[in-house]
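Undergrad: Here is my input; please provide its structure:
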Amino acid sequence: MQLSTAITKIQTSLAKMNTAYKRVVFDETAVMSWEGASLKLHYYEGPRREVFTAEFADDTISLREELMQAQTSLGGEFSFTREGSGAKMDAYICLGPKVYLFCNNMAKSMHEVTSDPQWLEAQSDFLNLSQQFAVDPLSL
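TA: Numbering: from 1, shown residues only. Next up, the predicted model:
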């Protein structure tokens, strides 16, 4: 899958999640890749574009252990953390080799988001999005 197609799929799925949840689930999203030791931002939607990359290492600490495992590098794998709040990332989806979508709700933790009964409707759209990349990983 090409980046432009991936971004369209992400935006469409997030809009469906917001409709099902009856408000915004993730108000910050980013597509990031690793090239050697370098981190590259390919897409960002959210309130802190200017500082996002600089604060990324601190904001993904609760997801980092799983991100470094080999099984999260193919496409379609995802995880949530209950520890994220504020600027700390709540979830990721592996879009392809060394490429990830990071998702965050700046106002609520993932624990608060998933405690809402509307989450049951919205989570299926998150899963469907992840499965699109399992079938057709993003290639940069």
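Undergrad: From here on, just use CA atoms for contacts and neighbour counts.
TA: Will do.
Undergrad: Just list the residues touching the residue nearest the centre of the chain, thanks.
TA: Centroid check for the chain by CA atoms, centre = their mean gives Phe102 as the closest residue, at 2.7 Å. Counting by CA atoms under 8 Å, 6 or more residues apart in numbering, Phe102 touches Thr29, Ala30, Val31, Met32, Met89, Asp90, Ala91, Tyr92, Ile93.
Undergrad: can I get those in a markdown table with neighbour count?
TA: A markdown table is the format used below for those (neighbours: other CA atoms under 10 Å):
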| residue | neighbour count |
| --- | --- |
| Thr29 | 22 |
| Ala30 | 21 |
| Val31 | 23 |
| Met32 | 20 |
| Met89 | 29 |
| Asp90 | 29 |
| Ala91 | 22 |
| Tyr92 | 24 |
| Ile93 | 27 |
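Undergrad: just curious, which of the residues you listed is nearest to Asp58?
TA: Of all the contacts of Phe102, Met89 has the smallest distance to Asp58: 9.3 Å, by CA to CA.
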